[in-house]
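In: 3D, please:
(2 chains)
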Amino acid sequence: KQEVTQIPAALSVPEGENLVLNCSFTDSAIYNLQWFRQDPGKGLTSLLLIQSSQREQTSGRLNASLDKSSGRSTLYIAASQPGDSATYLCAVTWGSGGSNYKLTFGKGTLLTVNP
Amino acid sequence: NAGVMQNPRHLVRRRGQEARLRCSPVKGHSHVYWYRQLPEEGLKFMVYLQKENIIDESGMPKERFSAEFPKEGPSILRIQQVVRGDSAAYFCASSLNPGQGMPQHFGDGTRLSIL
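Out: Got it, this is the predicted structure:
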């Protein structure tokens, strides 16, 4: 069964700290992996998309890495700010069966950055 | 330069009524997806539509739920004879061709409450 797991479920850090969020997935034959941010009562904002052929993607203070062989991705946030407080979701698509459009989500990590 | 637009943002229905959720994709996107987020659970795929066609409805409950994406107008997710268990946040996403690894862009969701 293809599943996505995110640990920890919640994380609280002081402002300015660098942090890493973890995502693991079963079945290494992924098509791509996407990191999202969800604010309370809001929709999902796409942060980074990593294709299966890529090892990492960067956007500003965010860096996402992908290691298919170990079934893991990490989202690195540098110099965290209170505005980074949100739930971070990892979502994977697998190419098998032609279903490379079907996002499978983890349950997310709730990040709180304290001033 | 509007993103995915969903309405209404909040919808309250009594048991047995019908709920209609609307989604207008990003301009130029012809691929639409619906996901459901139940309380305390991750987002789950429901259905994938491409103009006038249902491509994959494997995540839709077999009864009471239907979806359409007509040639003109928004995509509609319709829930007939709603029950308490239908209370959830329903998110719509759109993309360019998923076969080219294009990211999905999400709306802010419709929060459905069943009395």
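
In: and chain A, which of its residues are near chain B?
Out: A:4, A:31-32, A:34, A:36, A:41-46, A:49, A:51, A:89, A:91, A:93, A:99-108 (CB under 8 Å from any CB of the partner chain). Every C-beta, even on glycine, is put in place using the N, C-alpha and C of the backbone.

In: helix, strand or coil for A:Asn100?
Out: coil (DSSP: H, G, I helix; E, B strand; the rest coil).

In: in strands, which of the residues of chain A next to chain B appear?
Out: Among the residues of chain A next to chain B, the residues falling in strands (DSSP state E) are A:4, A:31-32, A:34, A:36, A:44-46, A:49, A:51, A:89, A:91, A:93, A:104-105.

In: low-confidence ranges, chain A, go.
Out: A:96-97 (pLDDT under 70).

In: now the ones in strands among the residues of chain A next to chain B: which count as buried?
Out: Among those, those scoring as buried are A:4, A:31-32, A:34, A:36, A:44, A:46, A:49, A:89, A:91, A:93, A:104-105 (criterion: 16 or more other CB atoms under 10 Å in any protein chain shown).

In: just curious, which of the residues you listed is nearest to B:Ser113?
Out: The closest of those to B:Ser113 turns out to be A:Leu44 (CB to CB; 20.5 Å).

In: quick check: B:Ala67 vs B:Lys27, distance?
Out: In this view, B:Ala67 and B:Lys27 are 20 Å apart by CB to CB, to the nearest Å.

In: the two: which is more packed in?
Out: For B:Ala67 versus B:Lys27, the count of surrounding residues by other CB atoms under 10 Å in any protein chain shown is larger for B:Ala67: 22 against 9.

In: right, and the more buried one touches B:Tyr48 too?
Out: No. Contact between B:Ala67 and B:Tyr48 fails when scored by CB atoms under 8 Å: they sit 9.2 Å apart.

In: shared neighbours of the two, which are they?
Out: Residues touching both B:Ala67 and B:Tyr48 (CB atoms under 8 Å, 6 or more residues apart in numbering or on different chains): B:54, B:57.

In: I'd say A:Ser80 and A:Val113 touch.
Out: Yes. The pair A:Ser80 / A:Val113 is scored as a contact, 4.7 Å apart, by CB under 8 Å.

In: for the closest residue in space to B:Gly99 that isn't next to it in sequence, what are its contacts?
Out: In space, and not counting its chain neighbours, B:Gly99 is closest to A:Asn100: 6.7 Å by CB to CB, 6 or more residues apart in numbering or on different chains. By CB under 8 Å, 6+ apart, the contact list for A:Asn100 reads A:31-32, A:93-94, B:98-99, B:101.

In: closest to A:Gly60 out of those?
Out: A:Asn32 (20.3 Å).

In: pretty sure the closest one is touching A:Cys90, no?
Out: No. If you go by CB under 8 Å, A:Asn32 and A:Cys90 don't touch, sitting 11.6 Å apart.

In: count of neighbours near A:Leu21?
Out: Applying other CB under 10 Å, we find 22 residues neighbouring A:Leu21.

In: so in terms of bridging, what pairs with it?
Out: A:Leu75 (DSSP bridges).

In: what's the closest non-adjacent residue to the most centrally placed residue in chain B?
Out: For chain B, B:Trp34 is the residue whose C-alpha lies nearest the centre (CA atoms, centre = their mean; 3.5 Å). Excluding the flanking residues, the one nearest B:Trp34 by CB to CB, 6+ apart is B:Met46, at 4.4 Å.

In: what about that neighbour, distance to B:Phe91?
Out: When distance is defined by CB to CB, B:Met46 is 9 Å away from B:Phe91.
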